[in-house]
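A.B. asks: quick one: sequence plus predicted model below, questions after.
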Amino acid sequence: MSFVVAQDGRYQITDGAGTRCISLSNLERRLDGGESDYGRVSSFIDQAIPVPELPTWNSARTTIFWSAEPSDSEFGDTIRAEVTETVTSVLVVTTADRGLVTWITPRHLSEWGVSIDEVRHTAGANLDQMLAVGGLEVGDIGELKVGMVPIDSPLKASVIFAPSFHGYVQEIGWPVLALVPCRDFIYILSERDAQHLARFGEVVQREYRQSPYPITTEVLRVGPSGIDAVGRFPE
């Protein structure tokens, strides 16, 4: 087992089960100084440092996704693709409750006996399934329409990689601009409303700075040609 302290202060743990990102900020928010703290710490450790055990393919296939991760992470031999200067999409397998996210490596594919194409397809299909749980929520800020994804998941920001994302955001328009400062946050607005982006600078910076799992302060354009960065708020 090896430990690496990432630039954002998280711990990356690599062992026989793969590579996981652990943030003590998650634990800090759960502690209240009461007698229940011991159980919470114990539970956190059990999740963060489990006995290395690779799930079977039948068990893993419903919990495989593409995850948006900051590009300055120590990726090792994980299976990934550069999206922008600060965003990388990484194949991951999670626990059933999404509480633990493990980056996928060629070893996983070898153990499962599946091809990279099958895993890529599965990750996209599972993101589509995540979006199918609830339709896009659209809020009005004056004359501006802002899209939000009504799911409770550490992979909420990663839905920009879903094959069905185009259809999902039709009420907002296409192409769209996506703000994904951290794993569980996303704002979506029409590219036509780019002149209003300054309104979101404060919330993007706050989420990026305070989240234990920050991703980027870039403004991402999601359209027919893929995903590109068209701007960036100060970190």
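C.D. replies: Good, I have the coordinates. Residues are numbered from 1 along each chain as shown.
A.B. asks: tell me which residues are up against the longest helix along the chain.
C.D. replies: Longest helix in the chain, counting residues (DSSP state H): helix 116-132. Residues outside helix 116-132 that contact it (Cβ atoms under 8 Å, 6 or more residues apart in numbering): 61-66, 79, 91, 104, 109, 112, 149, 151, 153, 155, 158-159, 161-165, 168. Bear in mind the C-beta positions are built from the backbone N, C-alpha and C, glycine included.
A.B. asks: C-terminal to it, what's the next element?
C.D. replies: Following helix 116-132 in sequence order, the next helix or strand is strand 137-141 (DSSP states H and E).
A.B. asks: and the helix or strand following that following strand, what does it pack against?
C.D. replies: For strand 137-141, the following helix or strand on the C-terminal side (DSSP H and E) is strand 144-148. Here strand 144-148 touches strand 137-141, strand 187-190, going by 3 or more Cβ pairs under 8 Å, 6 or more residues apart in numbering; DSSP states H and E.
A.B. asks: how about strand 144-148: buried residues?
C.D. replies: 145-147 (16 or more other Cβ atoms under 10 Å).
A.B. asks: least confident pick among those residues?
C.D. replies: Lowest-confidence member of those: residue 145, scoring 93 (pLDDT).
A.B. asks: OK, contacts around that residue?
C.D. replies: 138-139, 171-172, 189-190, 193.
A.B. asks: most neighbours among those, which one?
C.D. replies: Of all the contacts of residue 145, the highest neighbour tally under other Cβ atoms under 10 Å goes to residue 189, namely 25 neighbours.
A.B. asks: how near is it to residue 204?
C.D. replies: 12 Å (Cβ to Cβ, to the nearest Å).
A.B. asks: and the pLDDT at the closest residue to residue 228 other than its chain neighbours?
C.D. replies: For residue 228, ignoring the flanking residues on the chain, the nearest one in space by Cβ to Cβ, 6 or more residues apart in numbering is residue 221 at 5.0 Å. For residue 221, the model assigns a pLDDT of 98.
A.B. asks: report how many residues lie close to residue 221.
C.D. replies: Residue 221: 19 neighbours (other Cβ under 10 Å).
A.B. asks: contacting residues around the helix or strand that contains it?
C.D. replies: For residue 221, the host element (DSSP H and E) is strand 218-223. Residues outside strand 218-223 that contact it (Cβ under 8 Å, 6+ apart) are 84-87, 160, 165, 169, 174-180, 191, 197, 227-233.
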